[in-house]
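Colleague: Just need the structure, nothing else, for what follows:
(2 chains)
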Amino acid sequence: MRVSRLMLVTLRDVPADAEIASHQLLLRGGYIRRIGAGIYAYLPLMWRVLRKITAIVREEMDQSGALETLLPQLHPSELWKQSGRWQGYTAGEGIMFHLEDRQGRELGLGPTHEEVVTNLAGDLLRSYKQLPVNLYQIQTKFRDEIRPRFGLMRGREFIMKDAYSFHAEENDLKSTYTAMDQAYRKIFERCGLEAVPVDADSGAIGGAASQEFMVTAEAGEDLILISDDGMYAANQEKAASIPPAAVPLADLDAETLPTPQQGSIDALCDAHGWHASQIIKVLLYLAKLDDESEQPVLISLRGDQELNEVKLINAVSQIVDQSVLDCQSISQDDFSRQGVLDIPLGFIGPDLDDQLLSEARSWNPHFLRLADHTASNLQRFICGANKPDLHRISCGWNDLQGTPTVLDLRNAKAGDQCLHNLEAHLVEKRGIEVGHIFQLGRKYSKALNSSFTNEAGRDEPFWMGCYGIGISRLAQAAVEQHHDAAGICWPTTIAPFEAMVVVANIQDEQQMALGEQVYNGLINAGIDALLDDRKERAGVKFKDADLIGIPYRIVVGRDASEGLVELVRRSDREMQKLPHATATSALIGTLRP
RNA sequence: CGGGGAGUGGCGCAGUUUGGUAGCGCGCUUGCUUUGGGAGCAAGAUGCCGCAGGUUCGAAUCCUGUCUCCCCGACCA
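Modeller: Residues are numbered from 1 along each chain as shown, chains lettered A, B, ... in the order given. I've put the predicted structure just below:
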């Protein structure tokens, strides 16, 4: 391909709406253009990158025995109503674009395909003899993101590879899950990405085990914790660790102490010289449940710890055996609206009386009481006295009525000891989620009545797994991980072209002829090569070459008359001046070992 | 949805406070010179100043409404 014919439009200035390096570079390099919020055109260079990535994904998926398919993007609402997700995905802050056709039928634009594929599987797979099956597609998905961001990182229309597996039994699901884990590791490695598998929360999709693949990068939206012995890694949403020990409380008589204006942990510590780990902090949350009830939750946590809201939601959901639609901390206004008065915010203890809720308009009139291990493990502690401006010191759990349910509810932090090895400690990194694999279990197959006949001749819902890779996001993540001040440094396997021949001055006939010769040599060897034949000054072409980030460059310039060219590696700028034939064969040797 | 910011030529911006009929840099076109790291000179083209109302002799500028985009939070491949 000749650059003069490539519709290459590079930008010198950084577009104002691009924040992170990868987004800026893709715009500047002429890879993508924004069409609307979270909606992008993939320009020819970008499309080549995406095709290289999908080729790798296809090879590895096919290798694993998965079957490629293509499912519709328009989904009848009935399917989503059956699974119970229509309401949640369309109403309020729902993520699904939806519409009505001319007959008034409701349709959704697929954000994910569990409904469609599970329904299909139920139709097609009738016997255990047909199982297991793993179906995948590479498809444009639509999500009405609350806030699209960072170019392709969080778009409203994006390309995703998703796969769904169906099994007769749980163990078989586990082995496909493991196979997918292996395939994913290979895919990311082949794409030239450093991707860390981490334990993950399965979130809205639900299910048992789940693992995310994170491309480590400063701009990542997720916080991940990795043990320094390399044996454990988890998303902070899920991560568990051993908290630092509490500072022991001096042996004091139990008493109630005036603490005016000291409604925060910091204020208490400042005023009395206490350590935050000696205090119990109590948080009030309201959980909105599937059956539309509203459950106040009272959480006790050691003062130096942070609440992990994902763990909280999972805990509540498990205890009440319902899905939690929403869970947020309760504000003073919320109390007022409920007619619940006299809540001593800032001075609450774990034993706050349920009586206070008796007047509540719509809330359940009792607290769901939870405590993190850090709180329940304290022998003696300081806590609110449930009256304004008063705290209790040297309090113990026996002094308080009502035992809370004890769980892990805290955020793991960098520096914490690891559960698997007390010598190991957690390190914090940021990550871009490029893949996620789940063991879904039978949630969808049950909801959608999707079943097969087992060996005993009985109908049974499928065991299911699902496995996603954000293809367009992966492409941008690769740029985030591989760039420098001058531009992109694509990993060779996913670069739009493998090599670029730059003719410094096309008006010099010797240079141009040699450039063509070198270019043809590469093309004939099956190399994806680009020839910069533009009537531009050399400097401009070098800048553009750096920007678009083709891994290898052969410069045909002032030494062309002696048959010499420069072979340059983009990633580290290593340069060799060589006779053109040597340079060509060396490059071919590198690319096609 | 809550909080912050912005809409002026393809891109980046000034002009808005104090109304007087639109400007700069880059890019684009043509010519000459230059030719290894985003060249120089000269001549050009490109704007319903987001949209709709209003105030005014006169609006990019003031008022009202509206749309869009970006950043911070909840969502997630």
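Colleague: Where does pLDDT dip in the stretch 401-550 of chain A?
Modeller: A:402 (pLDDT under 70).
Colleague: Just give me the neighbour total for A:Asp291.
Modeller: 9 (other C-beta atoms under 10 Å). Where you see a C-beta, it was placed from the backbone N, CA and C, and this is true even at glycine.
Colleague: And it, how far from RNA strand B?
Modeller: Per C-beta to the nearest atom of the strand, to the nearest Å, A:Asp291 is found 20 Å from RNA strand B.
Colleague: try A:Gly303
Modeller: Distance, A:Gly303 to RNA strand B, by C-beta to the nearest atom of the strand: 22 Å.
Colleague: And the helices in the stretch 401-550 of chain A, which stretches?
Modeller: All helices of the stretch 401-550 of chain A, identified by DSSP state H, counting those that start in this stretch, fall at A:443-447, A:471-481, A:509-524, A:538-548.
Colleague: Check chain A for its longest strand and report it.
Modeller: Looking across chain A with DSSP state E, the single longest strand is strand A:426-441.
Colleague: Check which helices and strands that strand sits against.
Modeller: Applying 3 or more C-beta pairs under 8 Å, 6 or more residues apart in numbering; DSSP states H and E, we find strand A:426-441 packed against helix A:170-190, strand A:195-199, strand A:210-216, strand A:222-227, strand A:463-470, helix A:471-481.
Colleague: Mean neighbour count for these - can I get that in a markdown table?
Modeller: Output for the helices and strands packed on strand A:426-441, formatted as a markdown table (neighbours: other C-beta atoms under 10 Å):
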| stretch | mean neighbour count |
| --- | --- |
| helix A:170-190 | 18 |
| strand A:195-199 | 20 |
| strand A:210-216 | 25 |
| strand A:222-227 | 22 |
| strand A:463-470 | 26 |
| helix A:471-481 | 26 |
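Colleague: can you put these in JSON lines and add distance to A:Ala545?
Modeller: Converted to JSON lines, the helices and strands packed on strand A:426-441 look like this (distance: least, C-beta to C-beta, whole Å):
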{"stretch": "helix A:170-190", "distance to A:Ala545": "25"}
{"stretch": "strand A:195-199", "distance to A:Ala545": "28"}
{"stretch": "strand A:210-216", "distance to A:Ala545": "25"}
{"stretch": "strand A:222-227", "distance to A:Ala545": "34"}
{"stretch": "strand A:463-470", "distance to A:Ala545": "28"}
{"stretch": "helix A:471-481", "distance to A:Ala545": "16"}
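Colleague: Quick one: closest of the ones you listed to RNA strand B.
Modeller: Of all the helices and strands packed on strand A:426-441, it is strand A:463-470 that lies closest to RNA strand B, at 2.8 Å by C-beta to the nearest atom of the strand.
Colleague: Tell me the helices and strands packed up against the closest one.
Modeller: Judged by 3+ C-beta pairs under 8 Å, 6+ apart, the packing partners of strand A:463-470 are helix A:114-124, strand A:157-167, helix A:170-190, strand A:426-441, helix A:443-447.
Colleague: circling back to that earlier point, which positions within the longest strand of chain A qualify as buried?
Modeller: Residues A:426, A:429, A:431-441 are the ones in strand A:426-441 that count as buried (16 or more other C-beta atoms under 10 Å).
Colleague: Please verify my assumption that A:Glu255 contacts A:Ile393.
Modeller: Yes. With contact defined as C-beta atoms under 8 Å, A:Glu255 counts as touching A:Ile393 (6.0 Å).
Colleague: higher neighbour count, these two?
Modeller: More crowded of A:Glu255 and A:Ile393, by other C-beta under 10 Å: A:Ile393, with 22 against 10.
Colleague: Return the distance of the more buried one relative to A:Arg380.
Modeller: Going from A:Ile393 to A:Arg380 by C-beta to C-beta, to the nearest Å gives 8 Å.
Colleague: picking up where we left off before, figure out which of the helices and strands packed on strand A:463-470 is closest to A:Ser202.
Modeller: Closest to A:Ser202 of the helices and strands packed on strand A:463-470 is strand A:426-441 (C-beta to C-beta; 5.5 Å).
Colleague: Next, see if that closest one gets close to RNA strand B.
Modeller: Yes. Interface with RNA strand B: strand A:426-441 contributes A:433-436 (C-beta under 7 Å from any atom of the strand).
Colleague: So what are the sheet partners of that strand and their directions?
Modeller: Sheet pairing for strand A:426-441, assigned by DSSP bridges, gives strand A:210-216 (antiparallel), strand A:222-227 (antiparallel), strand A:463-470 (antiparallel).
Colleague: Can I get those in CSV including distance to RNA strand B?
Modeller: Below are those laid out as CSV (distance: least, C-beta to the nearest atom of the strand, whole Å):
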stretch, distance to RNA strand B
strand A:210-216, 6
strand A:222-227, 6
strand A:463-470, 3
